[in-house]
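Participant: quick check, what structure comes out for this input:
(one chain, ligands or ions: 1)
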Amino acid sequence: MARPTLVAVDDDSQVLRAVASDLKHRYGEQYRVLAADSGAAGLELAHKLRLRNDEVALFLSDQRMPHMTGTEFLAQASEIFPRAKRILLTAYADTSAAIEAINQADVHYYLLKPWHPPEEKLFPVLDDFLDDWQAHYRPAFDGLRVLAYRWTRDAHSLKNFLARNQVPYRFLDVESVPEAKNVLADAGLSDAQLPAVVFPDGVVVPNADAPHLAEHLGLKTHADAELYDLVIIGAGPAGLAAAVYGASEGLHTLLVERDAPGGQAGESSRIENYLGFPAGIAGSELSRRATAQARRFGVDILVPQEAVAVHVDGPGRRTVFADGSEILSHVLLIASGVSYRRLEAPGLHELTGTGVYYGAAATEAPTVEGRDAYVVGGGNSAGQAAMYFSRFARSVTILIRGESLASSMSQYLIDQIDATPNITVRNNTRVVEARGEKNLEQLVIRDGSTDTTEVVEAAGLFVFIGALPHTEWLDGLVRRDPKGFVLTGADLVDDDGRLRNWPLERDPYPFETSVPGIFAAGDVRSGSVKRVASGVGEGSVSVSSIHRYLAEL
Ligand SMILES: Cc1cc2nc3c(=O)[nH]c(=O)nc-3n(C[C@H](O)[C@H](O)[C@H](O)COP(=O)(O)OP(=O)(O)OC[C@H]3O[C@@H](n4cnc5c(N)ncnc54)[C@H](O)[C@@H]3O)c2cc1C
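Facilitator: Got it, this is the predicted structure:
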């Protein structure tokens with residue numbers, strides 16, 4: 001955190017040097033002292049300081065300067081730093097101008113030149129003013145500031161990127177936060193350049209997005225080497241575990257993540273069922289630890305970088321990234337996970353994780369204890385979740401778009417739901433809005449059969465509308481099941497007991513895909529159990545198959 005600043009302004013260089021030197025001598029430990037040789041230069045300096053989120057405690061300006069008098073300068077400086085103390089330095093002849101300035105121009109005090117000895121004529125006055133300033137001084141936030149309109153997708157994804165990569169920031173909504181308007185003016189930014197990010201050293205990144213910011217934050221987006229033993233795509237639990245095991249067992253390993261290390265697990269507020277953490281652990285904390293562990297073993301990590309294609313070049317596996325760069329490896333591990341299909345309606349995005357949950361959210365039972373919960377989806381997972389939450393919530397309402405659950409849910413679950421008094425099923429309904437300040441408070445629900453909307457109190461919304469594997473970048477490369485999940489090992493054997501298009505004498509190893517030397521682990525793998533522990537298990541175990549493959553090269 002930079003020290004607060006004292007600004008001295010005088011067009012006479014000798015006087016300016018003398019006053020700055022006295023100020024440094026007395027206050028240099030606690031304050032930074034800066035000098036400007038005109039009113040205009042002083043104002044320019046003040047704008048720069050405000051852009052860097054620095055504070056000015058005191059402006060000390062000579063009155064008699066060409067172009068802009070001290071009084072005029074102090075009046076304009078007070079608009080930039082309203083709390084700064086404003087003091088005029090005047091010659092005896094200008095005393096009446098100084099008194100007028102105090103009365104009319106909001107100048108706090110005037111001092112006569114010369115001020116020697118300063119111990120008697122300068123410091124006692126400044127001490128008083130600075131003590132007063134310090135009494136109300138709250139150090140400004142010393143991190144990134146994100147400037148954007150609050151409800152824009154760009155703003156959300158930027159905030160998400162920073163939060164998930166654990167970079168502290170302050171969000172300034174340009175519509176409602178006065179400070180945002182000042183920063184926009186100081187940086188000379190227009191609306192078209194939003195979202196923008198201001199770094200503590202005053203560097204401004206207009207039209208900020210994740211790749212731009214990564215560069216400024218020192219995150220690595222390009223690999224050091226041209227060839228790796230193992231390239232892993234996706235830094236969720238499976239990818240991180242494979243990276244730790246691979247590197248700790250001597251493999252030169254590169255881990256590539258398009259968003260932030262941690263994957264879905266990183267989005268979980270508390271993982272309660274992961275072995276060894278009896279009180280649960282925040283997903284972000286687990287990710288931070290795993291990433292540090294991977295780095296300790298020498299894993300190169302690229303964030304954010306997205307794999308968009310893979311080519312097989314003889315024994316080499318060549319991965320192409322979104323920015324056109326490429327990397328060669330002996331082995332590729334696909335650990336790109338899944339995303340739960342998202343509901344689209346205002347407010348849902350912002351409240352995800354604070355009342356709106358996708359997929360496995362059993363840990364959120366306390367959130368709905370004694371309150372009203374909503375479940376979206378008509379499949380078995382939605383039914384099981386409704387049954388589960390009915391044990392805690394006052395009421396559970398299942399919202400489905402169709403006419404009934406019959407076509408999508410097993411009968412045994414429908415029977416259980418019918419027999420549970422605090423579960424209601426509402427057909428022909430959809431969520432059109434989620435509301436809440438910090439967490440979900442209300443849902444707006446549209447009933448298609450009556451063509452009406454209704455606002456309901458809701459403590460939790462649990463969405464179960466299917467998981468989509470991140471495999472679009474693997475088109476035409478490896479075999480996948482009808483839902484797009486990657487087939488591996490014994491699952492590659494067809495019903496007739498034959499392996500289609502498999503080029504080797506041996507069978508595929510566990511976790512090996514239809515292309516030798518390309519493996520898959522975690523949620524993206526067909527048949528996987530979609531849990532943190534199983535992702536970690538698969539990632540770790542796949543490394544033993546990878547060693548067997550490498551031994552054949
Ligand atoms: C909100 C939430 C809460 C959960 N809570 C629990 C819980 O309490 N207990 C539990 O056991 N399970 C929980 N789960 C499930 C668990 O998080 C997942 O099963 C687990 O994260 C799967 O790990 P993974 O590594 O296979 O995939 P993911 O975690 O999905 O990670 C895959 C990663 O690959 C990246 N990626 C995808 N495509 C590319 C590409 N082309 N290039 C580069 N990177 C790419 C993604 O950005 C992602 O970071 C929860 C899931 C969610 C969403």
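Participant: now the strands for the stretch 301-450 of the chain?
Facilitator: With DSSP state E, counting those that start in this stretch, the ranges of strands along the stretch 301-450 of the chain come out as 307-313, 316-321, 326-334, 338-340, 356-358, 372-376, 395-399, 423-426, 429-435, 442-447.
Participant: just send the ones you listed back as CSV, with distance to H108 too.
Facilitator: In this view, the C-beta of every residue, glycine as well, is placed from N, C-alpha and C. Below are the strands of the stretch 301-450 of the chain laid out as CSV (distance: least, CB to CB, whole Å):
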stretch, distance to H108
strand 307-313, 61
strand 316-321, 58
strand 326-334, 62
strand 338-340, 58
strand 356-358, 51
strand 372-376, 57
strand 395-399, 62
strand 423-426, 65
strand 429-435, 47
strand 442-447, 50
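Participant: what about the closest residue to I102 other than its chain neighbours, helix or strand, and which?
Facilitator: Nearest residue to I102, sequence neighbours excluded (CB to CB, 6 or more residues apart in numbering): Y110, at 6.6 Å. For Y110, the enclosing helix or strand under DSSP states H and E is strand 109-112.
Participant: how far out from the middle of the chain is the helix or strand following that strand?
Facilitator: Beyond strand 109-112 on the C-terminal side, the first helix or strand identified by DSSP H and E is helix 118-121. With CA atoms, centre = their mean, to the nearest Å as the basis, helix 118-121 stands 51 Å off its chain's centre.
Participant: what's helix 118-121 in contact with?
Facilitator: Outside helix 118-121, the residues that touch it by CB atoms under 8 Å, 6 or more residues apart in numbering are D22, R26, L111, L112, W115.
Participant: buried among those? Make that a PyMOL selection.
Facilitator: Selection of buried members from the contacts of helix 118-121 for PyMOL, criterion 16 or more other CB atoms under 10 Å:
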select buried, resi 22+26+111+115
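Participant: what about the residue of the chain most remote from its centre, which SS state?
Facilitator: Largest separation from the mean C-alpha position in the chain: A93, at 58.9 Å (CA atoms, centre = their mean). Three-state call for A93 (DSSP: H, G, I helix; E, B strand; the rest coil): helix.
Participant: got a pLDDT number for it?
Facilitator: We have a pLDDT of 78 for A93.
Participant: adding distance to P315, write the contacts of helix 118-121 out as JSON lines.
Facilitator: Formatted as JSON lines, the contacts of helix 118-121 follow (distance: CB to CB, whole Å):
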{"residue": "D22", "distance to P315": "73"}
{"residue": "R26", "distance to P315": "72"}
{"residue": "L111", "distance to P315": "80"}
{"residue": "L112", "distance to P315": "85"}
{"residue": "W115", "distance to P315": "80"}
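Participant: could you check how far V56 is from the ligand?
Facilitator: Noted for V56: a distance of 43 Å to the ligand, by CB to the nearest ligand atom, to the nearest Å.
Participant: can you count the residues close to that residue?
Facilitator: By other CB atoms under 10 Å, the residues close to V56 number 24.
Participant: per-residue pLDDT, it?
Facilitator: What the model reports as pLDDT for V56 is 96.
Participant: check contacts around it.
Facilitator: P4, T5, L6, V7, A46, L49, A77, I80, F81, A84.
Participant: now the residue in the stretch 51-200 of the chain positioned nearest to the ligand, nearest residue through space, not along the chain?
Facilitator: At 8.8 Å from the ligand, R164 is the closest residue in the stretch 51-200 of the chain, using CB to the nearest ligand atom. What sits nearest to R164 in space, not counting adjacent residues and going by CB to CB, 6+ apart, is A260, at 3.3 Å.
Participant: and for A241?
Facilitator: G539 (3.3 Å).
Participant: among the contacts of helix 118-121, which pair sits farthest apart?
Facilitator: Using CB to CB, the two most remote members of the contacts of helix 118-121 are R26 and L112, lying 18.2 Å apart.
Participant: tell me which of the contacts of V56 fall in helices.
Facilitator: Under the assignment DSSP state H, the contacts of V56 contribute A46, L49, A77, I80 to helices.
Participant: G239: which of those residues is nearest?
Facilitator: Closest to G239, out of all of the ones in helices among the contacts of V56 and judged by CB to CB, is L49, at 43.6 Å.
Participant: and the helices in the stretch 1-150 of the chain?
Facilitator: For the stretch 1-150 of the chain, applying DSSP state H, counting those that start in this stretch gives helices covering 13-27, 39-51, 70-80, 95-104, 118-121, 123-135.
Participant: now the fourth one: how far from the chain's centre is it?
Facilitator: Right, helix 95-104. Distance of helix 95-104 from the chain centroid (CA atoms, centre = their mean) equals 51 Å.
Participant: so which elements touch that helix?
Facilitator: Helices and strands touching helix 95-104, as assessed by 3 or more CB pairs under 8 Å, 6 or more residues apart in numbering; DSSP states H and E, comprise helix 70-80, strand 85-90, strand 109-112.
Participant: let me know which of those is tucked in deepest.
Facilitator: Comparing these by mean neighbour count (mean count of other CB atoms under 10 Å), strand 85-90 ranks first with a mean of 24.
Participant: tell me the SS of the residue in the stretch 451-553 of the chain positioned nearest to the ligand?
Facilitator: Using CB to the nearest ligand atom, the closest approach of the stretch 451-553 of the chain to the ligand is made by G522 at 2.2 Å. With three-state DSSP as the basis, G522 sits in coil.
Participant: that one: neighbour count?
Facilitator: Neighbourhood size, G522 [other CB under 10 Å]: 35.
Participant: was I right to think it contacts G236?
Facilitator: Yes: here G522 lies in contact with G236, judged by CB atoms under 8 Å, at a distance of 6.2 Å.
Participant: and for these two, which residues touch both?
Facilitator: Between them, G522 and G236 share the neighbouring residues A335, G337, G535, with contact defined by CB under 8 Å, 6+ apart.
Participant: quick one: low-confidence parts of the stretch 251-400 of the chain?
Facilitator: Across the stretch 251-400 of the chain, the ranges flagged by pLDDT under 70 are 267-270, 359-364.
Participant: elements contacting the helix or strand harbouring L286?
Facilitator: L286 belongs to helix 283-296 when assigned by DSSP H and E. Contacts defined by 3+ CB pairs under 8 Å, 6+ apart place helix 283-296 against helix 237-248, strand 300-302.
Participant: of these, which approaches the ligand most closely?
Facilitator: The ligand lies closest, by CB to the nearest ligand atom, to one member of those: helix 237-248, at 3.4 Å.
Participant: how far is the very next helix or strand once past that closest one from where the chain is centred?
Facilitator: Note on helix 237-248: by DSSP H and E, the next helix or strand toward the C-terminus is strand 253-256. Taking CA atoms, centre = their mean, the mean C-alpha location of strand 253-256 is offset from the chain mean by 21 Å.
Participant: helices or strands up against strand 253-256?
Facilitator: Secondary-structure packing of strand 253-256 (3+ CB pairs under 8 Å, 6+ apart): strand 227-233, helix 237-248, strand 300-302.
Participant: got a pLDDT number for the residue of the stretch 51-200 of the chain closest to the ligand?
Facilitator: Note for R164: predicted pLDDT of 78.
Participant: next, the contact list for E433, please.
Facilitator: If a contact means CB under 8 Å, 6+ apart, then E433 has A345, P346, G347, L443, V444 as its contacts.
Participant: again, only this time at 7 Å
Facilitator: Going by CB atoms under 7 Å, 6 or more residues apart in numbering, E433 touches A345, P346, G347, V444.
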